[in-house]
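Enquirer: Mind folding the following:
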Amino acid sequence: MNLFTFLRRNLFSRLDRYIMAKFLGTYFFSIILIISIAVVFDFSENSDKFTTNHAPFSGLVEYYFNFVPFYANLFSALFVFIAVIFFTSKLADNSEIIAMMSTGMSIGRILRPYMLASTLIALLSFELGSEVIPKGSVKRLEFEMRYKSRKKPQVVEHVQMQVVPGVIAYIDHFDGTQKSGYQFSLDHIENKQLVSHLTAQRIQYDTLADERFHWKLYQVKIRTLRGLREHISTAYEMDSLILMEPEDFLMTKDQQQTLTNSELQVYIDKQKMRGSGNVKVFEVEYHKRFADPFAAFILSSIGLFLSFRKRKGGMGGSLGIGLALSATYIMLQTVAASFAINSDWPPILAAWLPNILFSGVALYLYTKARR
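Expert: Presented below is the predicted three-dimensional model:
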């Protein structure tokens, strides 16, 4: 007996397969329908920009090829809710739920295929969000910057960062196009004491170097402190290895969407070490990638508990309540993320707060459904 046959006989009964097929079929159908409409609206709204900026047809195809999975995964929780309420209400209207419960089947047993289908959706959502979509987002955002007039910042001013522990860099003005900056300083601190202070009128990233982190410094002055003594040296031009790159100065909007989970963790650790003030955006994104797939379990449970009873008004009432709850869930995600980024909220709490609150709603509805 192979594994598939074992699972089919012991885990997936005919009822489980029937409900899972209804669930997944309705889920993917709703995604195809709604995302197709979104693609049409997006193209209609931006067709003038595409024409004016001479967007190539191959670029458009690639852009929408990456557009679809991004927004499908972004609103996966909404699609789960709609799918569960829609097909469960139809089961209830056809008295199929009544037939199941008349055999002594509990609401917990009916919930099992919903959880099995939610597991498949959660695994797919996690894999897409952590590995597949970030790689596609690189090309999607590049296309938007080039052909939809989303300007990428190329100039920054007054940037300070910790290059490595004890080494602080400051630059007054940096031009990303030229990969050069002005009024640069580098302080080396040991045991809370300044050991050396380097200043340069201009700094240029060496794009021709065989290795990363190579910079050319111009009009350099180095002050080296040894106790009460100070040694000053100067140079018109100097090659230096500094563990920073032009990308460290330039932050693009939605940059966190372009990093896979492993890259995101490395970036967060790197920015924390440097004392960056914008790291919370990336921390919230990292924790959301683990929290969002769990929404499939919570929202499918709520959808079942709201719609498993036959109602006089049909599925209209259940669908209305479901849409209101899913809109509230998405709003909570946005509000919690904003609080975490702009206040002292822990990013992990911001990511998991909607799941925590809606788990309470699901537990209440489950208790009510068992009566």
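Enquirer: Quick check: buried residues in the host helix or strand of residue 18?
Expert: Using DSSP states H and E, residue 18 sits in helix 14-52. In terms of neighbour count (16 or more other C-beta atoms under 10 Å), helix 14-52 has its buried residues at 15-16, 19-20, 22-24, 26-27, 30-31, 34-35, 38, 46, 50. (Glycine included, C-beta is placed from N, CA and C.)
Enquirer: Can you give me every residue that contacts the most centrally placed residue in the chain?
Expert: Geometric centre of the chain, nearest residue: residue 285, 4.4 Å, by C-alpha atoms, centre = their mean. Taking C-beta atoms under 8 Å, 6 or more residues apart in numbering, we find residue 285 in contact with 256-257, 264.
Enquirer: do residue 143 as well
Expert: Taking C-beta under 8 Å, 6+ apart, one finds 55, 59, 62-63 in contact with residue 143.
Enquirer: Quick check on the residues you listed: which are buried?
Expert: 55, 59, 63.
Enquirer: Not counting sequence-adjacent ones, nearest residue to the last one?
Expert: Right, the one you point to is residue 63. residue 143 (4.4 Å; C-beta to C-beta, 6 or more residues apart in numbering).
Enquirer: Can I take it that the one you found is in a strand?
Expert: No - under DSSP: H, G, I helix; E, B strand; the rest coil, residue 143 falls outside any strand and is assigned helix.
Enquirer: that older thread, so which of the buried ones among the contacts of residue 143 sit within helices?
Expert: The members of these that map onto helices under DSSP state H are 59, 63.
Enquirer: Closest one of the buried ones among the contacts of residue 143 to residue 161?
Expert: residue 63 (33.1 Å; C-beta to C-beta).
Enquirer: thought the closest one was touching residue 137?
Expert: No - applying C-beta atoms under 8 Å as the test, residue 63 and residue 137 come out as separate, 11.0 Å apart.
Enquirer: how about the strands in the chain?
Expert: Using DSSP state E, the strands of the chain run over 155-164, 167-175, 180-190, 193-205, 214-226, 229-241.
Enquirer: Can you tell me what sits against the fifth one?
Expert: Read it as strand 214-226. Contacts for strand 214-226 (C-beta under 8 Å, 6+ apart): 184, 193-206, 230-242.
Enquirer: Sheet partners, orientation included, of that strand?
Expert: strand 193-205 (antiparallel), strand 229-241 (antiparallel) (DSSP bridges).
Enquirer: picking that back up, filter the contacts of strand 214-226 down to the buried ones, PyMOL style.
Expert: In PyMOL, this line selects whichever of the contacts of strand 214-226 come out buried by 16+ other C-beta under 10 Å:
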select buried, resi 184+196+197+198+199+200+202+203+204+205+206+238+242
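Enquirer: what's the spacing between the residue nearest to residue 63 and residue 67?
Expert: Separation of residue 143 from residue 67 (C-beta to C-beta, to the nearest Å): 9 Å.
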